[in-house]
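Peer 1: here you go, sequence then predicted model.
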Number of protein chains: 2
Amino acid sequence: MARNKHPEETVNLILEVAFRLFMEKGYEHTSIQDIIDHLGGLSKGAIYHHFKSKEDILIAVTDRMTAESNQMLAVIRDRTDLTGREKLKTIFWESISRPVQDDIFTVAPDFHNNPKLLFSLLHDTIEEAAPNYILPIIKQGISDGSIETDYPEQLAELILLAANVWMNPMIFDSSEEESYRKFMVFSQMLQGFGLDIVDSEMLERLQELASIYQKSK
Amino acid sequence: MARNKHPEETVNLILEVAFRLFMEKGYEHTSIQDIIDHLGGLSKGAIYHHFKSKEDILIAVTDRMTAESNQMLAVIRDRTDLTGREKLKTIFWESISRPVQDDIFTVAPDFHNNPKLLFSLLHDTIEEAAPNYILPIIKQGISDGSIETDYPEQLAELILLAANVWMNPMIFDSSEEESYRKFMVFSQMLQGFGLDIVDSEMLERLQELASIYQKSK
């Protein structure tokens, strides 16, 4: 394959091939050379023109997933038929039930080898997702009486840090039993803010995710 | 100065000099060469014999602080005159009132340039401090009726993750106002577990710490 004349198409192609290989072999077992070998003639130079390292490709791949996830968050945030509490409950359910979660756990990058990915996740969680998606919902919940706190910005951060970082088995390895227990404490924490959002369907799905991750490690 | 015949003394000397320079100039503005210049004739090779990088020196410096902190935690954990809740309250007070906290905030390493330090902090928090110091206290609190949860291991992790990571201004930059609001949400979270441990003296000290950090950045 000749080098693509349209750089964004080249980038898309690299990301699609990389994502497929990460899924098949796992991120740690995929080399830049593997990606090149599956790009049908694209040179190493062409890849490095767009990405400085394999980790940068991983970040671009996860950024795409984050963009999809943010779109889902925006749709729920902007619904007019739900209270603040119901929106948060819907978000937790959607977050854990979307098939893309299986994908991320199948890629299973080791954060210790990829510190930029951890910083990127922390940044997205605290600087993007918390203020843009969770905060407006918590403010609505305070208005409609379904959430109790005087500190909506900080509650948004704390909830997402617990959900995206602490309960993320890629960052803190957890058995199914531990994942379940983390979720139960998380749920008790939310109750302290008037938020009763956990049901048995959620718990079942969380245990399933932990099990997928354990298998792909 | 000739190379020390006793390697542990050389290591101690490097760490003391490095710590003093980190305090004076800040970690980011201290080079390996600065450290060598203050070691009175110790060669670059002698330093690299013990430490692979400046970040490794930083980790050794912070490991020493962690060891001191763990000693304080052990003393409180083993007291026989306090309930579980009182022990947690004492730990929070000691953690924020010890002068060493000022030191850490004065060194002010940028975690983005020092991912190993972040991983080391996450590891110490979840794998060491939570199970060895906070967990036994929570279990005591459950027995004596001062703490309410069925998941002591996970509550220990969640409390420390919030306190050591989320409320750590070196990881998540916070104004004094934000630090105060984070602590208030943290305190509301603890109340959901039966833990009413915050007082006005604590709040005052937290604001002071945030202010020290803002000045040394």
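Peer 2: Now that the structure is in, tell me what you want to look at.
Peer 1: nearest residue to whichever residue of chain A sits closest to chain B in space, please, no chain neighbours.
Peer 2: Closest approach between chain A and chain B, counting by C-beta to the nearest C-beta: A:Gly192, at 2.1 Å. Backbone N, C-alpha and C define where each C-beta goes, glycine included. The shortest distance from A:Gly192 to any non-neighbouring residue, by C-beta to C-beta, 6 or more residues apart in numbering or on different chains, is to B:Gly192 (2.1 Å).
Peer 1: convert the C-alpha atoms of whichever helix in chain A runs longest to CSV, please.
Peer 2: Looking across chain A with DSSP state H, the single longest helix is helix A:54-77. C-alpha atoms of helix A:54-77 as CSV (Å, rounded to 0.1, in the frame of the first residue of the first chain):
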residue,chain,number,x,y,z
LYS,A,54,3.6,2.8,20.8
GLU,A,55,2.2,4.5,24.0
ASP,A,56,1.2,7.5,21.9
ILE,A,57,-0.8,5.2,19.7
LEU,A,58,-2.4,3.6,22.8
ILE,A,59,-3.4,7.1,24.0
ALA,A,60,-4.9,8.0,20.6
VAL,A,61,-6.8,4.7,20.7
THR,A,62,-8.2,5.3,24.2
ASP,A,63,-8.9,8.9,23.3
ARG,A,64,-11.3,7.7,20.7
MET,A,65,-13.0,5.5,23.2
THR,A,66,-13.2,8.4,25.7
ALA,A,67,-14.8,10.5,23.0
GLU,A,68,-17.5,7.9,22.5
SER,A,69,-18.0,7.6,26.2
ASN,A,70,-18.3,11.4,26.5
GLN,A,71,-21.0,11.4,23.8
MET,A,72,-23.0,8.9,25.9
LEU,A,73,-22.5,11.1,29.0
ALA,A,74,-23.7,14.2,27.1
VAL,A,75,-26.9,12.4,25.9
ILE,A,76,-27.8,11.3,29.4
ARG,A,77,-26.9,14.7,30.9
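Peer 1: which ones are touching the residue of chain A closest to chain B?
Peer 2: Counting by C-beta atoms under 8 Å, 6 or more residues apart in numbering or on different chains, A:Gly192 touches B:188-189, B:191-193.
Peer 1: show me where pLDDT drops low in chain A?
Peer 2: Across chain A, the ranges flagged by pLDDT under 70 are A:1-5, A:99-105, A:213, A:216-217.
Peer 1: so A:Asn27 sits against A:Val107, correct?
Peer 2: No, residue A:27 isn't Asn; it's Tyr. Yes - with contacts counted by C-beta atoms under 8 Å, A:Tyr27 reaches A:Val107, the gap being 5.1 Å.
Peer 1: which residues do these two both contact?
Peer 2: A:Leu58.
Peer 1: in JSON lines, list the contacts of A:Gly192 along with distance to A:Leu39.
Peer 2: Below are these laid out as JSON lines (distance: C-beta to C-beta, whole Å):
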{"residue": "B:Gln188", "distance to A:Leu39": "52"}
{"residue": "B:Met189", "distance to A:Leu39": "48"}
{"residue": "B:Gln191", "distance to A:Leu39": "56"}
{"residue": "B:Gly192", "distance to A:Leu39": "52"}
{"residue": "B:Phe193", "distance to A:Leu39": "53"}
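Peer 1: now a ChimeraX select for only the buried ones of those.
Peer 2: Those of the contacts of A:Gly192 that count as buried under 16 or more other C-beta atoms under 10 Å in any protein chain shown are selected in ChimeraX with:
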select /B:188,189,192,193
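Peer 1: closest one of the contacts of A:Gly192 to chain A?
Peer 2: B:Gly192 (2.1 Å).
Peer 1: which element follows the longest helix of chain A toward the C-terminus?
Peer 2: Sequence-wise, the next helix or strand downstream of helix A:54-77 (DSSP states H and E) is helix A:84-97.
Peer 1: and that next one, what's buried?
Peer 2: Quick answer for helix A:84-97 (16+ other C-beta under 10 Å): A:84-93, A:95-96.
Peer 1: let's check: the centremost residue of chain A is which one?
Peer 2: A:Thr66 (6.0 Å; C-alpha atoms, centre = their mean).
Peer 1: up against chain B, what does chain A have?
Peer 2: Counting by C-beta under 8 Å from any C-beta of the partner chain, chain A comes close to chain B at A:111-112, A:115-116, A:118-119, A:122, A:126, A:149-151, A:153-155, A:157-158, A:161-162, A:165-166, A:171-172, A:178, A:181-182, A:184-186, A:188-189, A:191-193.
Peer 1: what do you get if the cut-off is 7 Å, keeping everything else the same?
Peer 2: Contact residues (C-beta under 7 Å from any C-beta of the partner chain) of chain A with chain B: A:112, A:115, A:119, A:126, A:149, A:151, A:153-155, A:157-158, A:161-162, A:166, A:172, A:181-182, A:184-185, A:188-189, A:191-193.
Peer 1: helices or strands up against the longest helix of chain A?
Peer 2: Packed against helix A:54-77 by the contact rule (3 or more C-beta pairs under 7 Å, 6 or more residues apart in numbering or on different chains; DSSP states H and E) you find helix A:7-25, helix A:84-97, helix A:99-107, helix A:115-123.
Peer 1: got the domain boundaries for chain A?
Peer 2: A:1-51, A:54-216 (automatic domain parsing).
Peer 1: among the helices and strands packed on helix A:54-77, which is the most enclosed?
Peer 2: The highest mean neighbour count among those, using mean count of other C-beta atoms under 10 Å in any protein chain shown, belongs to helix A:84-97: a mean of 20.
Peer 1: what's the angle from that helix to helix A:54-77?
Peer 2: If you take axes from the mean of the first three to the mean of the last three C-alpha atoms, to 10 degrees, helix A:84-97 sits at 140 degrees to helix A:54-77.
Peer 1: centre of the chain versus helix A:84-97, how much separation?
Peer 2: 14 Å (C-alpha atoms, centre = their mean, to the nearest Å).
Peer 1: tell me how many other residues crowd A:Ser53.
Peer 2: Applying other C-beta atoms under 10 Å in any protein chain shown, we find 12 residues neighbouring A:Ser53.
Peer 1: again, but for A:His29
Peer 2: A:His29: 11 neighbours (other C-beta under 10 Å).
Peer 1: tell me the SS of it?
Peer 2: Under DSSP: H, G, I helix; E, B strand; the rest coil, A:His29 falls in the coil class.
Peer 1: so who does it touch?
Peer 2: Not one residue lies near A:His29 by C-beta atoms under 7 Å, 6 or more residues apart in numbering or on different chains.
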